[in-house]
Structures are given as structure tokens and as C-alpha cells.
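Chemist: Fold the following and give me the result.
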Amino acid sequence: MKRILLLSIGIFLFVSNIQAQKKSELIAQNQDLKYRLDSVNRIVSKAIQGEKISVLKADELQNQVTELQAANATLLKNLNSFAALSSQNSENINKTLATLERKEAQLKGLVNGFASADSTALVVLTNAKKTLGENAKVQVNDGVVIISEKLDFFFADGLGTNLLDTSKEWLTNVAKLINASPKAAVTITGMTITGEFDIAMNQANTIAGVLIKEKSVSGTRLNVKSGDGGFKESIQIKIHPDYKAFYEGAKADMKN
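Modeler: Have a look, this model is predicted:
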């Protein structure tokens, strides 16, 4: 009886051990399958997303093709109309071509004017570094050379309108720089952080007066104003193309 009981217990333990191992294996297999399923889901998700992007790109390309086809059809129509007009009245066509050539020359002049302004700014910047020193506060923005210094560089404690002697020497070099570019215009701006624009204007006028009276800069080239300096009080001297003369000349050319 005892032997049978012991044998039964042994068989039970053996079966239980086997079941536990199978259970562990099943759990491991389940985790592995879950991991694979998650990987497959991610791949499918990326594939779906990529498909949506591809569809959007395809739609966009199709729209572009449609637009190009429409533009091409319009161009062909215009060419046909132009050919018909040419056969009807060659004299008018010649006049039109002459006008187009003249306008093209005018536009080329405008483009060359802008290119010249950019090259002039580069020359002025190079000369500024040589004339004022490598540490001079000079920068270029949209073809405009901007030279700036703090107010206390020009006026004692940045107050009043009495120029310091050191700043007068500096203005001598600025005048040389301005006179080296006779076609350029100059804007002098008093920058304030207190909103006292009248004082800033007076200080800018003082700079302009010295350049005109003592440094031989033509007053017709100077424009004086005041502005908000944000968090920095300073005097800005901008050397830029003479926009007024440029656009007046361009306007006159376009009328012809």
C-alpha cells in the first residue's frame, strides 16, 4: 500500500514538473509571439503611413501635371494667336518686339542697378574695415552698410550734443568713407531707449553738421532721423544706395 502511495506521489510530482515546464515554455512562446506581433503591427503601421504619404505625393504630382498641361495648352493657344496676328499685321509685331526689347533693356538696367548696389556695399564694407579698423562696429544688411557706436562714444556720458574730440577724429575717417562712394546716400539715426526722440534727433543732427561743415560731406546726401533703439542707445550711420534717385530714374525709363 505504501509503495503504491509513494509511486502515485512520484508520478504526480513528475507530471506536475512536466506541466510546469510546459507552462513556462508556453508563457515564453506567448511572449515571443506577442513581441513578433508588435513588430509586425509596427511594420504594418509604417507601411500604411508610407502609403498615405505616397498617395499624397502622387496627388500633388498629378495636380502639378494638370497645371502644367493647362499652362502648356494656354501657351500653345497664345502662340497660335500670335502666329495669326503676325500673318495679319507684321508691322504691329515688329513694334511689339521693339517694345519688348526696350522693356527688357530697362529691366536689365534695374537688375544691374541692384547688383551694383550689392557690390558697392561690399566695397564700402571692405573700405570701412580698413579705414575704421578691424574692431569697428560695421555690418551689411540688404545692401546697406551700417556703422554704429554707443552714445557715450560721441557725447560725455551719452548726454547733450557736445561732441568728444575722439569722436571727431573717428568722424574724419567716416567722412573719407562716405566721400569715397559719391553715388551713395547716407542716413544718420539717433537711437534712443527712453522715447526722447527729439534729443536723439538733435544728437544725429550734430553728427550730420560736423560731417557737412568740417568734413566736406555734401548735405544733399544726408538724411537725419531718430528711432527706437530697443535696449541700446547709439548713433547709426547707414551708407546705402540713393533709393530716391534710383527709383526716379527707373520710373522715367519705364515711361519711355
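Chemist: any weak-confidence spans in the stretch 151-256 of the chain?
Modeler: 243-256 (pLDDT under 70).
Chemist: Repeat the analysis, applying 50 as the threshold.
Modeler: The stretch 151-256 of the chain contains no residues with pLDDT under 50.
Chemist: All the strands of it, in order from the start?
Modeler: 184-192, 222-228, 234-241 (DSSP state E, counting those that start in this stretch).
Chemist: Between those strands, which one is closest to residue 172.
Modeler: Nearest of those to residue 172, taken as C-beta to C-beta: strand 234-241 at 13.2 Å. For glycine as for every other residue, the C-beta is placed from the backbone atoms N, C-alpha and C.
Chemist: Neighbouring strands - and their directions - for that closest one?
Modeler: strand 144-150 (antiparallel), strand 184-192 (antiparallel) (DSSP bridges).
Chemist: Contacts for that strand, please.
Modeler: 113, 117, 120-121, 124, 143-151, 153-154, 174, 177-178, 181, 183-191, 203-204, 207, 227 (C-beta atoms under 8 Å, 6 or more residues apart in numbering).
Chemist: of these, buried ones?
Modeler: Neighbour counting over those (16 or more other C-beta atoms under 10 Å) leaves 117, 120-121, 124, 143-149, 151, 153-154, 174, 177-178, 181, 184-191, 203-204, 207 as the buried ones.
Chemist: ok, residue 143 to residue 124 distance?
Modeler: In this view, residue 143 and residue 124 are 10 Å apart by C-beta to C-beta, to the nearest Å.
Chemist: for the helix or strand where residue 140 lies, packing partners?
Modeler: Secondary structure from DSSP states H and E places residue 140 in strand 138-141. Judged by 3 or more C-beta pairs under 8 Å, 6 or more residues apart in numbering; DSSP states H and E, strand 138-141 is in contact with helix 90-132, strand 144-150.
Chemist: same thing but 6 Å
Modeler: Here strand 138-141 touches helix 90-132, going by 3 or more C-beta pairs under 6 Å, 6 or more residues apart in numbering; DSSP states H and E.
Chemist: so the nearest residue to residue 238 once chain neighbours are set aside bridges to which residues?
Modeler: Nearest residue to residue 238, sequence neighbours excluded (C-beta to C-beta, 6 or more residues apart in numbering): residue 187, at 4.4 Å. Applying DSSP bridges to residue 187 gives these bridge partners: residue 223, residue 238.
Chemist: hmm, who's touching stretch 152-167?
Modeler: Stretch 152-167 is contacted by residues 151, 202, 203, 206, 233, 235 when judged by C-beta atoms under 6 Å, 6 or more residues apart in numbering.
Chemist: now, which of those sits nearest residue 71?
Modeler: Using C-beta to C-beta, the contacts of stretch 152-167 come closest to residue 71 at residue 235, 52.7 Å.
Chemist: Could you report the neighbour count for that closest one?
Modeler: Neighbourhood size, residue 235 [other C-beta atoms under 10 Å]: 24.
Chemist: For it, give its distance to residue 78.
Modeler: Taken as C-beta to C-beta, the span from residue 235 to residue 78 is 56 Å.
Chemist: ok, now how distant is the nearest residue to residue 181 once chain neighbours are set aside from residue 166?
Modeler: Of all residues not flanking residue 181 in the chain, residue 124 sits nearest, at 5.6 Å (C-beta to C-beta, 6+ apart). Per C-beta to C-beta, residue 124 is found 23 Å from residue 166.
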